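Asker: Sequence plus predicted model, see below.
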Amino acid sequence: MKATDSITLMEPMLPPDGESRLEDLAIDMATKASGLASQLPLTVRRGMGDLVRSMNCYYSNLIEGHDTHPRDIERALNHADYSTDAQKRALQLEAVAHIEVQRLIDHHEDLQAEATSIDYLVWLHREFCQRLPEELLWVQNPDTGERLRMIPGELRTGWMQVGRHIPPDAEGLPCFLNRFAAAYDRKRLSKVRQIVTLGAAHHRLLWIHPFYDCNGRVARLMSHASLQRCGVGSSLWSAARGLARNVKDYKALLMAADEPRRGDLDGRGTLSTQALITFCEFFLTICIDQIDFMASLLEPSGLLRRIRLHIEEEVQMGNLHKGSFPILREALLTGEAQRGRAGEITGYGERMARNVVSDLLRKGYLKSDTTRSPLLLSFPIDAVERWFPRLYPTT
């Protein structure tokens with residue numbers, strides 16, 4: 001069979017028009033995402049981006065069975081403090097790679113092409129994999145035992161099997177990826193339809209399995225970029241957290257969507273239409289759940305209360321000065337705290353106010369571009385565990 005003929009093997013690409021449940025979920029998601037973005041000042045949202053990128057990376061890697069503790073991720077990010085254990089160091093580098101690529105997406109420094117285009121998928125794979133240590137670039141064929149070195153940004157050139165699923169032959173990949181890009185081209189879809197089809201694109205990319213390895217990471221980064229480009233994604237929430245917390249259902253529904261059509265009432269494509277609809281519903285429900293979760297954590301009065309309780313405890317233990325909370329409150333509610341007003345805000349004289357600010361900067365509660373720039377709220381890992389309960393699993 002010619003590759004141009006065999007692309008029908010991954011049809012249908014889209015759930016049918018008029019699926020009211022999917023459309024309702026898409027509208028609900030768009031509404032809630034807009035509400036989440038309005039909860040905090042822009043500068044605080046940008047600061048949250050660093051935290052959420054780290055969280056997204058943690059959960060995305062956890063789905064792959066790579067459990068890198070958030071503290072190890074932070075050490076690698078902030079201080080290039082890598083473990084002496086070779087395996088832990090490799091996983092730290094993997095985490096940093098994921099965060100750096102997502103930062104490019106979040107700051108709109110990524111490739112300016114459709115997130116579902118071949119160029120963009122290759123760009124994602126190259127940017128991620130070229131940051132990996134050498135030992136993570138090698139993959140092994142489970143049937144033959146052959147070891148292959150993965151080349152960043154290159155499509156696979158050989159046969160693969162993923163569980164029970166056998167992806168397209170290597171020579172057919174360009175045809176499948178061209179069909180993939182055409183099906184999910186945003187210019188051909190309404191806003192609601194763009195959101196409805198996010199889960200379908202996620203599944204079909206994994207079905208194609210274009211690379212020897214890192215397809216899961218590429219698919220989740222592609223979905224992150226697609227969410228942003230259709231106006232519902234941001235650096236304030238992470239789909240990967242929801243997928244990781246429901247990883248059995250995630251993997252089971254991905255496998256179910258690999259199955260052939262179940263009869264005359266299951267669409268007209270080669271693959272099951274109903275299973276694709278079910279996965280799309282699952283994906284959108286996960287996204288909405290994570291938006292709701294972050295909205296609850298970022299609700300200003302609740303967040304401010306948790307910050308106050310934490311800082312009061314730190315003051316009582318002698319770890320912070322008494323004037324610390326008012327500075328952090330100012331930075332949260334207004335987006336920044338002016339250095340020149342530190343004395344007024346803390347109630348201290350100029351010298352003591354400088355000490356309060358210096359201590360908060362040194363311990364990572366505040367950050368500033370220069371010694372004269374405004375003070376912005378920051379989120380060290382010790383604070384994260386108190387300010388944002390349940391963000392990470394308890395250990």
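Answerer: Sure thing, it's come through.

Asker: right, and the helix or strand after the strand or helix carrying residue 251?
Answerer: Using DSSP states H and E, residue 251 sits within helix 247-256. Secondary structure here is assigned by DSSP H and E; on that basis, the next helix or strand after helix 247-256 toward the C-terminus is helix 273-298.

Asker: contacting residues for the closest residue to residue 189 other than its chain neighbours?
Answerer: Nearest residue to residue 189 in three dimensions, chain neighbours excluded: residue 197, at 6.6 Å (CB to CB, 6 or more residues apart in numbering). All C-beta spots, glycine's among them, are computed from the backbone N, C-alpha and C. Taking CB atoms under 8 Å, 6 or more residues apart in numbering as the definition of contact, the neighbours of residue 197 are 14-15, 184, 189, 280.

Asker: Low-confidence regions, the stretch 1-150 of the chain specifically.
Answerer: Scanning the stretch 1-150 of the chain with the threshold set as pLDDT under 70 gives 1-5, 79, 142-144.

Asker: try 80 this time
Answerer: Across the stretch 1-150 of the chain, residues meeting the criterion (pLDDT under 80) sit at 1-5, 78-81, 141-145.

Asker: and the closest residue to residue 290 other than its chain neighbours, how many neighbours does it have?
Answerer: Beyond its immediate neighbours in the sequence, the residue positioned closest to residue 290 (CB to CB, 6+ apart) is residue 242, lying 4.5 Å away. The burial metric for residue 242, expressed as a neighbour count using other CB atoms under 10 Å, is 22.

Asker: name the helices or strands packed onto the host helix or strand of residue 242?
Answerer: Residue 242 is located in helix 239-245, with elements delineated by DSSP H and E. Helices and strands touching helix 239-245, as assessed by 3 or more CB pairs under 8 Å, 6 or more residues apart in numbering; DSSP states H and E, comprise helix 42-63, helix 215-229, helix 273-298.

Asker: hmm, try it at 6 Å
Answerer: Contacts defined by 3 or more CB pairs under 6 Å, 6 or more residues apart in numbering; DSSP states H and E place helix 239-245 against helix 42-63, helix 273-298.

Asker: Please tabulate those in TSV, including the columns mean neighbour count and distance to residue 355.
Answerer: Output for the helices and strands packed on helix 239-245, formatted as TSV (neighbours: other CB atoms under 10 Å; distance: least, CB to CB, whole Å):
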stretch	mean neighbour count	distance to residue 355
helix 42-63	21	23
helix 273-298	21	30
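
Asker: Show me this protein divided up by domain.
Answerer: Taking automatic domain parsing as the criterion, the chain consists of the domains 3-298, 300-387.

Asker: Quick one: closest of those domains to residue 393.
Answerer: The minimum distance between residue 393 and these falls on domain 3-298, with 8.3 Å, by CB to CB.

Asker: any idea how far the residue positioned nearest the centre of the chain is from residue 211?
Answerer: By CA atoms, centre = their mean, the chain has its centre lying nearest to residue 56, at 4.0 Å. Between residue 56 and residue 211 the computed distance is 20 Å (CB to CB, to the nearest Å).

Asker: if we can go back for a sec, my guess is the residue nearest to the centre of the chain contacts residue 238. True?
Answerer: Yes. Between residue 56 and residue 238 there is a contact under CB atoms under 6 Å: 4.0 Å.

Asker: Okay, buried residues for the helix holding residue 251 please.
Answerer: Residues of helix 247-256 classed as buried: 250, 253-254, 256 (neighbour count, 16 or more other CB atoms under 10 Å).

Asker: Would you mind putting those into CSV with pLDDT alongside?
Answerer: As requested, these are exported to CSV (pLDDT from 0 to 100):
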residue, pLDDT
250, 97
253, 97
254, 96
256, 95
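
Asker: Pick out the most distant pair among those residues.
Answerer: Applying CB to CB across the buried residues of helix 247-256, the maximum distance is between 250 and 256, 10.9 Å.

Asker: Below-threshold pLDDT in the stretch 151-300 of the chain: ranges please.
Answerer: 265.

Asker: Pull out the buried residues from stretch 21-28.
Answerer: Of the residues in stretch 21-28, 22-23, 25-26, 28 count as buried by neighbour count, 16+ other CB under 10 Å.

Asker: Can you show me the helices along the stretch 101-250 of the chain?
Answerer: 118-129, 173-183, 191-196, 198-208, 215-229, 239-245, 247-256 (DSSP state H, counting those that start in this stretch).

Asker: For residue 300, find the nearest of the ones you listed.
Answerer: Across the helices of the stretch 101-250 of the chain, closest to residue 300 is helix 239-245 (CB to CB), at 21.5 Å.

Asker: Now do the closest one: everything it contacts.
Answerer: For helix 239-245, contacts defined as CB atoms under 6 Å, 6 or more residues apart in numbering pick out 56, 59-60, 62-63, 220, 250, 286-287, 289-290.

Asker: ditto for stretch 35-50
Answerer: Contacts with stretch 35-50, where a contact means CB under 6 Å, 6+ apart, come from 106, 234-236, 291, 295, 298, 335-336, 376-378.

Asker: Would you point out the most distant pair within the residues you listed?
Answerer: 291 and 336 (25.7 Å).

Asker: Now residue 32: closest residue in space that isn't a chain neighbour?
Answerer: residue 291 (4.7 Å).

Asker: hang on, that neighbour packs against residue 236?
Answerer: No. With the criterion set as CB under 6 Å, residue 291 and residue 236 do not qualify as a contacting pair; they are 8.3 Å apart.

Asker: For the stretch 1-150 of the chain, which segments count as strands?
Answerer: Taking DSSP state E, counting those that start in this stretch as the criterion, the stretch 1-150 of the chain contains strands spanning 138-140, 147-149.

Asker: I'd like those as a markdown table, with mean neighbour count and distance to residue 230 appended.
Answerer: As requested, the strands of the stretch 1-150 of the chain are arranged in a markdown table below (neighbours: other CB under 10 Å; distance: least, CB to CB, whole Å):
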| stretch | mean neighbour count | distance to residue 230 |
| --- | --- | --- |
| strand 138-140 | 14 | 32 |
| strand 147-149 | 11 | 35 |
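
Asker: can you tell me which of the ones you listed comes nearest to residue 167?
Answerer: Shortest separation from residue 167 across the strands of the stretch 1-150 of the chain is recorded for strand 138-140, at 14.0 Å, computed as CB to CB.
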